[in-house]
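Trainee: dropping the sequence and predicted coords here.
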Amino acid sequence: MSKKIFTKKEIEILSKNPYVKSVSPKGITYTDEFKELFIAQNEKGKFPSEIFRDCGFDPEIVGKRRIDSASKRWREAYRMNGVMGLRDTRPGNSGRSRERELSIEEKYARLEAEINLLKA
């Protein structure tokens, strides 16, 4: 994690960006939409700093190291799991995990739901 601590003014500037889900003094949570846009632009040959700048981020505020590490993390997640790898799964992973194995019908229903989500 970056050692840079955002000032109140920087947090205010970053919070106004439509591609930011939330900002704290220590980190930025980007929208899933931005991550997908980033990957699409990066695969067309655009550099990470250029993509951030074009999407309204000031690379001086965000920081080169933070841009590079986010880029590396998102490309790896996309390579391993496609678009689903870019999703912020934290809200859906709270609480106790399932103790029992899912039935074939439950697995099928989940896969159908995932297919419908990807089609949307």
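Mentor: All right, it came through fine. Numbering: from 1, shown residues only.
Trainee: the chain: helices as residue ranges?
Mentor: Remark: helices of the chain, listed N- to C-terminal, are 8-15, 32-43, 48-54, 59-62, 64-81, 104-119; assignment by DSSP state H.
Trainee: mind checking which of those helices is nearest residue 87?
Mentor: Residue 87 sits nearest to helix 32-43 of all the helices of the chain, at 5.5 Å, using Cβ to Cβ. Glycine gets a C-beta too; all of them are placed from N, C-alpha and C.
Trainee: which other residues reach the closest one?
Mentor: 19-20, 48, 51, 54-55, 71, 74-75, 78, 83, 86-88 (Cβ atoms under 8 Å, 6 or more residues apart in numbering).
Trainee: if you set the cut-off to 6 Å instead, what comes out?
Mentor: Contacting residues not belonging to helix 32-43 are listed as 19, 51, 74, 78, 86-87 [Cβ atoms under 6 Å, 6 or more residues apart in numbering].
Trainee: just the C-alphas of that helix, formatted as CSV.
Mentor: Output for helix 32-43, consisting of C-alpha atoms alone and laid out as CSV, is shown next (Å, rounded to 0.1, in the frame of the first residue of the first chain):
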residue,chain,number,x,y,z
ASP,A,32,-16.2,-1.3,-11.4
GLU,A,33,-17.1,0.8,-14.5
PHE,A,34,-13.7,2.6,-14.2
LYS,A,35,-11.8,-0.7,-13.9
GLU,A,36,-13.5,-2.1,-17.0
LEU,A,37,-12.8,1.1,-18.9
PHE,A,38,-9.2,1.0,-17.7
ILE,A,39,-8.7,-2.5,-19.0
ALA,A,40,-10.3,-1.8,-22.4
GLN,A,41,-8.2,1.3,-22.9
ASN,A,42,-5.0,-0.4,-21.7
GLU,A,43,-5.6,-3.3,-24.1
